[in-house]
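# Quick one, fold the following:
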Amino acid sequence: MVKITNFNIYIKKLHISLKTTKVYKAILLVIFFIVINSVLFYLVENNENPNINSLWDALWWGFVTSTTVGYGDIYPRTKLGRIIAIFLMIMGIGFFGFFTASIASVFVERNLRKGMGLLDIDFNGHIVILGWNYQAKSIIEELLREDKKQKIVLVANISHNPYDNNSVYYIKGDPTTDSVLERANIKYAKSAIVLADRSLENSEMIDARSVLICLAINKINPNIYLVSEVIEQKNVIHFKRANVDETIISTQFESKIMMRCALYKGVSRAIKELLTNSYGNEIYEIALDKKYIGNTYEKIAIEFLNREVTLIGIYRDNKVFLNPSKNTILKSKDILIYIAKDKILL
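Numbers count the residues shown, from 1 in each chain. This is a model prediction of the structure:
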């Protein structure tokens, strides 16, 4: 049903583009001239050409000749008839060249507008990345490794789409404005990632801009899962007020990883493996199946181990409990966090 709707939307857009380039008027004009020339051909050839028995035969000849198909079942016998045929052939070549070029220009223009971030998004369930910095490319790559079919929309005020992939769409503009967010169809996006604008020199201004973006997003789509990069720890409270679900303090995160790597040799490789989807095991989560409700954490952990999956924690009531007690009872809304080579099904 969604594919049919998208197809209808695309046809409507193609119709508008063709209407704008006056292709429809050209078609009507050409049909008019074909009919006129067919009538003249009939009047000229009727008594001289045994293959023409009616006006319909002349019309058939007119359309076949103008399209340069030339079946040969009907052809002119008089000089005037041949002159009319030459005129029709020249007109047909010119028109169909114009028609083909008009159709091609619609697709070329669409691709150009897409690359320049001027096309509006009409699908839903996508992930929106707001802002462009050194982290954006790696985030997009990881998202695509996780799910190649996942559609990603990048919103940034740059000249063109910096990522060449059919699943990555670009919207040019300031993400703090409602009109730009609406063009990204943020209302029907499933999640959004706000990246810090590091072109600003002041860290306070960077976080303030990110908060403005989060507020604008939350106004349009209060149900979206919102993740934002934060520069200063003290500004986290402002992001919480903007209903941000997850805040990542990039400088703090990076420094802690480097500290762990310095203290423990194997930690750096373990962290790299868990944080990237390019090789090895990854961290995943899965909603608890009804059949496991009331069981202990230990029992589920053992079952997971038998499947070569390591259970590491529970997400409950907006809190993460890593390595909980083995006697912890699992509840209906718990989300299990685990390490595995691939996603699993319960």
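
# Which elements pack onto the helix or strand in which Val44 is found?
Assessed by DSSP states H and E, Val44 sits inside helix 23-45. In this structure, helix 23-45 packs against helix 55-66, helix 79-115, with contacts taken as 3 or more Cβ pairs under 8 Å, 6 or more residues apart in numbering; DSSP states H and E. Heads up, the C-betas are built off the backbone N, CA and C, glycines and all.

# Between helix 55-66 and it, find me the angle.
Orientation check (axes from the mean of the first three to the mean of the last three Cα atoms, to 10 degrees): helix 23-45 against helix 55-66 gives 120 degrees.

# Which pLDDT value belongs to Val2?
With respect to pLDDT, Val2 scores 44.

# that older thread, TSV please, covering the helices and strands packed on helix 23-45 and showing distance to Ile302, mean pLDDT and mean neighbour count.
Shown next, in TSV, are the helices and strands packed on helix 23-45 (distance: least, Cβ to Cβ, whole Å; pLDDT from 0 to 100; neighbours: other Cβ atoms under 10 Å):
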stretch	distance to Ile302	mean pLDDT	mean neighbour count
helix 55-66	77	86	20
helix 79-115	51	75	15
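
# Mind checking what secondary structure Gly72 has?
coil (DSSP: H, G, I helix; E, B strand; the rest coil).

# strand partners of the helix or strand harbouring Leu311, parallel vs antiparallel please.
According to DSSP H and E, Leu311 maps onto strand 310-316. In the sheet, strand 310-316 lines up against strand 319-322 (antiparallel), strand 335-340 (antiparallel) (DSSP bridges).

# quick one on the thing from earlier: looking at the helices and strands packed on helix 23-45, which is closest to Asp334?
For Asp334, the closest of those is helix 79-115, at 41.9 Å, according to Cβ to Cβ.

# That closest one: what's the following helix or strand?
Following helix 79-115 in sequence, per DSSP H and E, is strand 127-130.

# now what about that next one, what contacts it?
Where contact means Cβ atoms under 8 Å, 6 or more residues apart in numbering, the residues beyond strand 127-130 that reach it are 136, 139-140, 143, 150-156, 175, 184, 186, 189-195, 213, 217.
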